[in-house]
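K.L.:
Give me coordinates for this.
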Amino acid sequence: MRPRNGQLAGVRQAAAAAALSVALLVAPGAPAAEAGKAPASTPAQLPDWSGAWRARGSVALISQETGRMHVRGTINDAPLKPEYLKQYQVDTERARGGGDPNAADVLTDTNTLNCFAGFPRYIAAPFPYAFFNQRGKTWIIIDKAVRQIFTDGRDWPNQDMRWPLMLGRSRGHWEGDTLVAETITMRPDMWLDTTPLMLSDEASVEERIRRIDDKTIENRVTIRDPVKFTHDWKFTRYYVRLGEGPEEWPDDPELCGGTDDRNKIVDGKVTVQLPQ
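P.N.:
Numbers count the residues shown, from 1 in each chain. Modelled structure (predicted):
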């Protein structure tokens with residue numbers, strides 16, 4: 001993620017989330033599943049995942065909680081086919097020059113260029129998360145992104161309507177207290193984390209999300225990419241509950257590209273201006 005001004009607050013977008021939660025608490029029942037559609041099973045009592053949460057561990061390596069950002073020789077361990085692994089290694093070296101105005105042939109983080117992380121990068125972002133379960137849909141708010149996971153049994157859109165989206169298209173169903181979500185049609189030109197790993201346009205992501213105790217939500221992730229991977233890529237991320245005391249206030253979402261951006265992009269490169 002790009003450098004930010006100020007600290008990340010414990011309950012970013014608290015006011016917006018509170019307003020949204022009022023609407024989400026009143027929702028119609030989910031329709032029964034039809035042939036060819038995703039199961040629309042919904043527990044009698046939807047799990048309560050309210051509050052503010054944050055991904056535990058590093059945001060750099062999506063499958064390693066303890067991975068550190070920008071450490072030479074440390075790259076993602078996705079099961080890439082040899083030709084894609086070679087390209088990824090070359091691109092990672094090019095990306096290490098980001099922020100250095102004197103570096104040549106630099107790759108700039110797509111989150112910096114677009115001011116948006118995209119999915120599946122939002123699985124392990126450094127921003128607070130808010131989860132809202134309703135009948136027919138689960139909302140996940142992360143920074144300025146709002147994911148919608150439909151659990152109403154709908155089918156995928158027709159093939160000619162499946163253009164790539166920053167967050168892809170997500171649908172799912174409930175298995176007891178676990179939300180099983182599948183996401184397709186993600187943008188293939190977005191980095192998955194702070195390294196330049198990108199999926200193909202045939203990739204899909206499965207998540208099995210559940211709350212395992214009062215302070216922890218578990219997300220078991222499987223990424224499938226028949227074009228770039230030798231086999232499915234599986235890992236687990238955890239989200240821990242943040243404090244919600246009266247001293248906590250929401251922070252601005254991540255902003256970039258404006259007149260007040262301290263780290264402006266010039267000729268495709270980030271110009272890092274350190275604080276006085």
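K.L.:
Tell me if residue 221 really is in a strand.
P.N.:
Yes: assessed with DSSP: H, G, I helix; E, B strand; the rest coil, residue 221 lies in a strand.
K.L.:
give me the number of residues near it?
P.N.:
20 (other Cβ atoms under 10 Å). Where C-beta positions appear, they are placed from N, C-alpha and C, glycine not excepted.
K.L.:
Likewise for residue 106?
P.N.:
Neighbourhood size, residue 106 [other Cβ under 10 Å]: 18.
K.L.:
Now it: closest residue in space, sequence neighbours ignored.
P.N.:
residue 97 (4.1 Å; Cβ to Cβ, 6 or more residues apart in numbering).
K.L.:
Make sure that neighbour is indeed in a strand.
P.N.:
No: going by three-state DSSP, the assignment for residue 97 is coil, not a strand.
K.L.:
quick one: it from residue 119, how far?
P.N.:
Counting by Cβ to Cβ, to the nearest Å, the gap from residue 97 to residue 119 is 27 Å.
K.L.:
Mind checking which of the two has more residues around it?
P.N.:
Taking other Cβ under 10 Å, residue 97 and residue 119 do not tie; residue 119 has more neighbours (22 against 16).
K.L.:
Mind checking what secondary structure the spatially closest residue to that one that is not a sequence neighbour has?
P.N.:
Using Cβ to Cβ, 6+ apart and skipping the chain neighbours, the partner closest in space to residue 119 is residue 167 (4.6 Å). With three-state DSSP as the basis, residue 167 sits in coil.
K.L.:
contacting residues around residue 167?
P.N.:
Residues in contact with residue 167 (Cβ atoms under 8 Å, 6 or more residues apart in numbering) are 118-119, 122, 145, 147, 183, 186.
K.L.:
Can you check the pLDDT for it?
P.N.:
Looking at residue 167, its pLDDT is 97.
K.L.:
go on, residue 3?
P.N.:
Note on residue 3: pLDDT of 44.
K.L.:
Kindly report the same for the one 3 residues further on.
P.N.:
In this prediction, residue 6 carries a pLDDT score of 40.
K.L.:
same question, residue 260
P.N.:
For residue 260, the pLDDT comes out at 60.
K.L.:
Next: residue 22.
P.N.:
At residue 22, the pLDDT value in this model is 39.
K.L.:
go on, residue 126?
P.N.:
Reported pLDDT for residue 126: 88.
K.L.:
Report the separation between the closest residue to it other than its chain neighbours and residue 160.
P.N.:
Distances taken as Cβ to Cβ, 6+ apart place residue 59 nearest to residue 126, at 4.9 Å, with adjacent residues excluded. Distance of residue 59 to residue 160, given as Cβ to Cβ: 35 Å.
K.L.:
Ok, residue 169 next?
P.N.:
Residue 169 is 14 Å from residue 160, by Cβ to Cβ.
K.L.:
So which of those two has more stuff around it?
P.N.:
The residue with more neighbours, out of residue 169 and residue 160 and counting by other Cβ under 10 Å, is residue 169; that gives 20 against 6.
K.L.:
For residue 110, what are phi and psi?
P.N.:
Backbone torsions for residue 110, taken as degrees, to the nearest 10, come to phi -60, psi -30.
K.L.:
residues in contact with it?
P.N.:
118, 189-191.
K.L.:
With residue 214 instead?
P.N.:
Neighbours of residue 214 in contact, by Cβ under 8 Å, 6+ apart: residue 241.
K.L.:
Report the separation between it and residue 176.
P.N.:
Residue 214 is 18 Å from residue 176, by Cβ to Cβ.
K.L.:
same deal with residue 53?
P.N.:
Distance from residue 53 to residue 176, by Cβ to Cβ: 20 Å.
K.L.:
Could you do residue 59 as well?
P.N.:
From residue 59 to residue 176 the distance is 30 Å (Cβ to Cβ).
K.L.:
got it, and residue 249?
P.N.:
36 Å.
K.L.:
Residue 62 too?
P.N.:
Going from residue 62 to residue 176 by Cβ to Cβ gives 26 Å.
K.L.:
Likewise for residue 213?
P.N.:
16 Å.
K.L.:
That'll do, ta.
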